[in-house]
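Chemist: Pasting the sequence and the predicted coordinates here, then a few questions.
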Amino acid sequence: MVPAGIRRLDARGFGLLELVVALSVLTVLCWLAVPSLIGYWREATLRAAATELASAVGHGRLLAIALNAPVCVSVARGVVRFGRASGAACSGVPLAAPGAQAIRLAGGALVSDAGPEVVWSHLGAATPAGNYAVTDPASGRTRRVVVAASGRVSVR
């Protein structure tokens, strides 16, 4: 049995005016929220690209320590490549070792200001220290990936 109080309720639903008001409030909220969400999305994409580059460059350090040999890391057009090194210079010969495949950076961020190629020693030190700028092409914002001579890779 349905209680008498429920039976007396109007079964017509929402009126047209109530739907228009609710949709207009929702539209205004969307117009206010979308710009900040897009800005957050771009900043998060840039931060992820810089972190990904730092991880890829740091992977070269791990390869050098694991192989007990110097490893050259070069970054060009969003691709990180690993190669053999002689002393503190890159020899141009690709590194043929497990885990030494080229790493393509995702997200479409541009890497510039690469400077000289970083050579990791078998002890994990970088020669010379590197400095990369990761730029978001849509907003023009940049983040820096710094490779210290001690081997520390950081995102700033």
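Modeler: Cool, got the structure.
Chemist: ok, and residue 45, which helix or strand is that part of?
Modeler: Take DSSP states H and E as the rule and residue 45 turns out to sit in helix 16-67.
Chemist: Show me what that helix is packed up against.
Modeler: Other helices and strands packing on helix 16-67, by 3 or more C-beta pairs under 8 Å, 6 or more residues apart in numbering; DSSP states H and E, are strand 71-76, strand 79-86, strand 118-120, strand 130-135, strand 142-147, strand 153-155. Backbone N, C-alpha and C define where each C-beta goes, glycine included.
Chemist: tilt between that helix and strand 71-76?
Modeler: Angle of helix 16-67 versus strand 71-76, following axes from the mean of the first three to the mean of the last three C-alpha atoms, to 10 degrees, is 150 degrees.
Chemist: relative to strand 142-147, how tilted is helix 16-67?
Modeler: 20 degrees.
Chemist: Compute the inter-axis angle for helix 16-67 and strand 79-86.
Modeler: Using the same axes, to 10 degrees: helix 16-67 against strand 79-86 is 10 degrees.
Chemist: Mind checking the pLDDT average for helix 16-67?
Modeler: Averaging pLDDT along helix 16-67 gives 92.
Chemist: next one: stretch 82-98
Modeler: 87.
Chemist: how much distance is there from that stretch to the middle of the chain?
Modeler: On the basis of C-alpha atoms, centre = their mean, to the nearest Å, stretch 82-98 is displaced by 26 Å from the centre of the chain it belongs to.
Chemist: out of the helices and strands packed on helix 16-67, deepest packed?
Modeler: Among the helices and strands packed on helix 16-67, ranked by average contacts under mean count of other C-beta atoms under 10 Å, first place goes to strand 118-120 (a mean of 27).
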